[in-house]
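A.B. asks: sequence first, then the predicted structure:
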Protein chains: 2
Amino acid sequence: MSNQQIKQAGLKVTVPRVKILSILEHSGKRHLSAEDVYRELLSHDEDIGLATVYRVLTQFESAGLVCRRHFEGGQSVFELDGGGHHDHLVCIQCGKIVEFVDAMIEERQRAIAAEHGFRIKEHSLVVYGICSGCQTPD
Amino acid sequence: MSNQQIKQAGLKVTVPRVKILSILEHSGKRHLSAEDVYRELLSHDEDIGLATVYRVLTQFESAGLVCRRHFEGGQSVFELDGGGHHDHLVCIQCGKIVEFVDAMIEERQRAIAAEHGFRIKEHSLVVYGICSGCQTPD
DNA sequence: CGGAAAACTGAAAATCTTTCGCATCTTAAA
DNA sequence: TTTAAGATGCGAAAGATTTTCAGTTTTCCG
């Protein structure tokens, strides 16, 4: 199980870390804020502080287990790193998040960065809009 | 002059607003944080509080005069809305910012949003990297 | 030009998210 | 087990931004 992942990250296998990783894996949502994780823990009667949640998520991030995203509106969200990079479509009404990847866009980004002499480290593309479920008839 | 723009935005023409708009127009940089604006004001011996700077910038944003961007790393930056939308290339070393627009990327975004039933409201594409000036020889 | 209502302002206090300090508790390994 | 290194929880602190509030300034109109 996931205890291996924690160990491989060079971290001790502790209750908070196991629980938090488990929540990231099994809660329905792929994108969770630190608060979300904290609330899940509380609802499972785990006595884990918010500071620890942040600490652990940050460690998981350094270890490459999760990615942190800064969308508009306060909190960051964390998602399990499922390998491939991807961008996001975010509904500004209900918060729904859709992931996508587009080879053409990736390619253009590389070309543009090169034109300006930049060496790309990472990039973030977020498209904000209204999802079909939230659209009101005009 | 720009007093007109303030008036047209439905705002009273006050000293803080005029000064702040002027700074946005005439300071060398296109991207300024609230702090940057505040420091400029101080250096012009204007007695305007940081709270007012935030208030005014937010009002200008609502009025469509400026755009607010949340790049990584704390503060937001504001830029005069020169009409066209554009994306950013940010140097994570020195903070240098390059603007760009790419028709192909814009087009793909529209197509992807449509595929998922989203109505785009806005989007933000930020590519983080190291600019030529900051690149150390490998 | 005067006067008042409405809008605006600075300073300090309040929020909100995230991190830190530190005494205490766990884990991993001998 | 024993123990040192590493983790944890709590409350306090930090940094960015917003709100509160009482005093000012603008605008509008007679």
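C.D. replies: That came through fine.

A.B. asks: direction included, what does the lengthiest strand in chain A pair up with?
C.D. replies: Scanning chain A for the strand with the most residues, using DSSP state E, yields strand A:119-130. Sheet pairing for strand A:119-130, assigned by DSSP bridges, gives strand A:87-91 (parallel), strand B:119-130 (antiparallel).

A.B. asks: among the ones you listed, which comes closest to DNA strand C?
C.D. replies: Taking CB to the nearest atom of the strand, strand A:87-91 is the member of the strands paired with strand A:119-130 nearest to DNA strand C, at 15.4 Å. Quick note: C-beta positions are derived from backbone N, CA and C, even for glycine.

A.B. asks: quick one: buried residues of the closest one?
C.D. replies: A:Asp87, A:His88, A:Leu89, A:Val90, A:Cys91 (16 or more other CB atoms under 10 Å in any protein chain shown).

A.B. asks: care to break chain A down by domain?
C.D. replies: A:3-80, A:87-134 (automatic domain parsing).

A.B. asks: and these as a markdown table, adding distance to B:Arg69 and mean pLDDT?
C.D. replies: Formatted as a markdown table, the domains of chain A follow (distance: least, CB to CB, whole Å; pLDDT from 0 to 100):
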| stretch | distance to B:Arg69 | mean pLDDT |
| --- | --- | --- |
| domain A:3-80 | 10 | 94 |
| domain A:87-134 | 12 | 92 |
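
A.B. asks: so what's A:Met104 up against?
C.D. replies: B:Met104, B:Ile105, B:Arg108 (CB atoms under 8 Å, 6 or more residues apart in numbering or on different chains).

A.B. asks: a strand runs through it, doesn't it?
C.D. replies: No: applying DSSP: H, G, I helix; E, B strand; the rest coil, one finds A:Met104 to be helix, outside a strand.

A.B. asks: and it, how far is that from DNA strand D?
C.D. replies: Distance of A:Met104 to DNA strand D, given as CB to the nearest atom of the strand, to the nearest Å: 33 Å.

A.B. asks: same check on A:Gln5?
C.D. replies: From A:Gln5 to DNA strand D the distance is 14 Å (CB to the nearest atom of the strand).

A.B. asks: ok, now which ones touch that residue?
C.D. replies: A:Leu21, A:Leu65.

A.B. asks: if we can go back for a sec, quick one, which of the strands paired with strand A:119-130 is nearest to DNA strand D?
C.D. replies: Closest among the strands paired with strand A:119-130, using CB to the nearest atom of the strand: strand B:119-130, at 14.6 Å.

A.B. asks: quick one: the closest one to chain centroid distance?
C.D. replies: On the basis of CA atoms, centre = their mean, to the nearest Å, strand B:119-130 sits 13 Å off its chain's mean C-alpha point.

A.B. asks: ok, stretch A:85-94 next?
C.D. replies: Counting by CA atoms, centre = their mean, stretch A:85-94 comes out at 11 Å from the chain centroid.
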